[in-house]
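Enquirer: below are the sequence and a predicted model for it; my questions follow.
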Amino acid sequence: MNEMITAAVTSTAAETTEKGALQAVDVSGMFSSFISYLDNSPSTVATYTRALRPFIRYVKENGITAPAREDVIRYRDALKERYKPATVQIYMTAVRLFFQWAEDNNLYSDVTRRVRVAKVDRQEHAKDYLTPVQVVDVLRTAQQEQDIKGLRDYAMLYLMLAAGLRCIEVSRANVEDLRPRGEHSVIYVQGKGHEDRRDYVRISPDAEKAVRAYLSARGAKSGEPLFTASGNRRSGTGRMSTRAISGTVKEIFQAAGYDSDRLTAHSTRHTAVTLALMNGERLEKVQEFARHKSMNTTLIYAHELERDKNDCSDVITAAIERAMKGRKTPQKRRA
């Protein structure tokens, strides 16, 4: 693979000189190598191609042979004049991933570092996600009660976190939707606007174990809702509403000490997608897992994750601390 990449790049492949200047590079060739490297589904390749071609065209039209950070900023500003912030964010995320790949393969420096992207106000991404430590906290909180309701809440929360399920998918799930498929277990889901259950998500053994324990304690039967509105067997088997699911998850978050307006039931899905990306899963796999119709949605998650890695605050703090150490403490004035 590295030989193929190197062959596509000109002999003046970008390196950083001792003075820090970037040498000329065949950006079009590097772009072709990046697309070949993806080796993904046609839709994924098409998404990257569509998002990156404007940048390749911009570089050519402006005679840029060694793209620098300033060029990326000017390109971003040009996008802002033509497109909405959400579209600018998608295009810039693709450019960022492209240069990260180039640097990882020693082809070109990542000139997109600390380049700010258009701010997007989207409800889908307006919620916080939980860190692995926080996930453990909320699961342990849900696990404290060992009655049927406690088993239900723990199983439901574990499933939402591990499978990235939407509230509507949890509400509509039935007992028989959890079943083996090949060597693994999956849960078939029926999302908003769908009449059947063709989509499915593979679930982990631990998540399945939690759900099975709850179903066994409840004495659940095929045809019944996966999660019922009441944990008590004698109180019926009514299906949990999305409102009840959201309220239950919120109560567990608060009990675990995470009481924030930005932490909701949807944060479990946000957490699942973000942790998958944080731990190195490829974008197309995460798209399939999350059942995003468009790779653009997954790219926005990737962009948000890149923002979280921004260390400008640490750099600023270090500069302030160095200045404080070099400055003598002023003497107190006499009264």
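Expert: Sure thing, it's come through. Nothing here was measured: the structure is a model prediction, and the numbers come from that model. Residues are numbered from 1 along each chain as shown.

Enquirer: tell me what residue 189 is bridged to.
Expert: Counting by DSSP bridges, residue 189 is bridged to residue 199.

Enquirer: correct me, but it touches residue 198?
Expert: No - assessed by Cβ atoms under 8 Å, residue 189 is found out of contact with residue 198, at 9.0 Å. C-beta: built from backbone N, CA, C; applies to glycine.

Enquirer: more neighbours, these two?
Expert: Between residue 189 and residue 198, counted using other Cβ atoms under 10 Å, the more crowded position is residue 189 (21 against 9).

Enquirer: ok, that one - contacts?
Expert: Shown in contact with residue 189 (Cβ atoms under 8 Å, 6 or more residues apart in numbering): 165, 169, 172, 173, 177, 197, 199, 200, 201, 291.

Enquirer: let's see that with 7 Å instead.
Expert: Contact analysis of residue 189 by Cβ atoms under 7 Å, 6 or more residues apart in numbering lists 165, 169, 173, 197, 199, 200, 201.

Enquirer: worst-scoring helix or strand of this protein, pLDDT-wise?
Expert: Lowest on mean pLDDT, DSSP states H and E among the helices and strands of the chain sits helix 2-8, with a mean of 34.

Enquirer: this structure: strands as residue ranges?
Expert: 178-181, 184-189, 199-203 (DSSP state E).

Enquirer: let me have those strands in TSV, adding mean pLDDT as columns.
Expert: Shown next, in TSV, are the strands of the chain (pLDDT from 0 to 100):
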stretch	mean pLDDT
strand 178-181	92
strand 184-189	92
strand 199-203	89
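
Enquirer: compare those and give me the one nearest residue 243.
Expert: In terms of Cβ to Cβ, the element of these nearest to residue 243 is strand 184-189, at 18.9 Å.

Enquirer: pull out the buried residues from that closest one.
Expert: 185, 186, 187, 188, 189 (16 or more other Cβ atoms under 10 Å).

Enquirer: tell me the spacing between the nearest residue to residue 130 once chain neighbours are set aside and residue 54.
Expert: Nearest residue to residue 130 in three dimensions, chain neighbours excluded: residue 271, at 4.6 Å (Cβ to Cβ, 6 or more residues apart in numbering). Using Cβ to Cβ, to the nearest Å, residue 271 is found at 32 Å from residue 54.

Enquirer: between these two, tell me which one has more neighbours.
Expert: residue 271 (24 against 17).

Enquirer: thought that one was touching residue 163?
Expert: No - counting by Cβ atoms under 7 Å, residue 271 does not reach residue 163; the two are 11.3 Å apart.

Enquirer: thanks a lot, catch you later.
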